[in-house]
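Undergrad: Next input, structure requested:
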Amino acid sequence: MDWPAVRPIPREMRAAVLREFGPPEVLRVESVPTPRPGKNEVLVQVAAVSVGRLLDVVARAGRHPWARFTFPHVLGAEHAGLVAATGAGVTTVEVGDRVASFPLIVDEQEEMARAGFPELSPTAQLIGTHRPGADAEYVCVPEANVRVVPDGVTASEAAATLLGATVAMTQFERAGG
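TA: Modelled structure (predicted):
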């Protein structure tokens, strides 16, 4: 997939909205307000979203073991896109940059994060689970969660790689591989 051009930010956007658990047909494309980035946040114009078994399919069906949703909800954890806007304090990316977002949001000062186990932090949140996700035209994410995508990598490759590769490497390291 080619990367799109940055578009003007609309007041409303299209999103795949979940209002109840069930089969894929419960997802409805709706018009919702476009989010605005807060301090240290980036507004990503979504170019590609990876559909994951646990964070998307199982969650949509209502069988996720620990996710609790408030409806309406927008799924979509793993994504890539263009920086459409930045909030106050953002210094590492600028409008137009190609980025992929790591969906795990943690307080880096929390004890488990400092110990190298951020996924076990009691403050951990996931984009698309605890926060609105990327099954939409735009999504806001913390600046700390975006990585600039190198030339030659498509949006689809970036969306499919960032979380999967990180999880795989973490498991290899912890298993002693």
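Undergrad: so who does V106 touch?
TA: Counting by Cβ atoms under 8 Å, 6 or more residues apart in numbering, V106 touches A113, P118, S121, T123, A124, Q125. The C-beta positions use only the backbone N, C-alpha and C, and glycine is treated the same way.
Undergrad: can I assume the third one is in contact with Q109?
TA: No: S121 sits out of contact with Q109 when judged by Cβ atoms under 8 Å, with a separation of 10.1 Å.
Undergrad: Any idea what C140 is bridged to?
TA: Under DSSP bridges, the beta-bridge partners of C140 are L43.
Undergrad: R114 is in contact with E108, isn't it?
TA: Yes: R114 lies in contact with E108 (Cβ under 8 Å); the separation is 7.4 Å.
Undergrad: Which one of these two is surrounded by more residues?
TA: More neighbours surround R114 than the other of R114 and E108, with 12 against 9 (other Cβ atoms under 10 Å).
Undergrad: next one: phi and psi at that one?
TA: The phi/psi pair for R114 (degrees, to the nearest 10) reads phi -60, psi -30.
Undergrad: That one and V146: what is the separation?
TA: 22 Å (Cβ to Cβ, to the nearest Å).
Undergrad: ok, the contacts of V106 vs V90, which is closest?
TA: V90 has its nearest neighbour among these in Q125, at 19.1 Å by Cβ to Cβ.
Undergrad: Geometric centre of this protein: which residue is closest?
TA: Nearest to the geometric centre of the chain sits A77, at 3.8 Å (Cα atoms, centre = their mean).
Undergrad: wait, isn't that residue in contact with Q125?
TA: No: the pair A77 / Q125 is not scored as a contact, 10.7 Å apart, by Cβ under 8 Å.
Undergrad: re the thing from before, list only buried entries from the contacts of V106.
TA: Neighbour-count burial (16 or more other Cβ atoms under 10 Å) applied to those gives A113, P118, S121, A124.
Undergrad: Having no further points to raise, I will conclude here.
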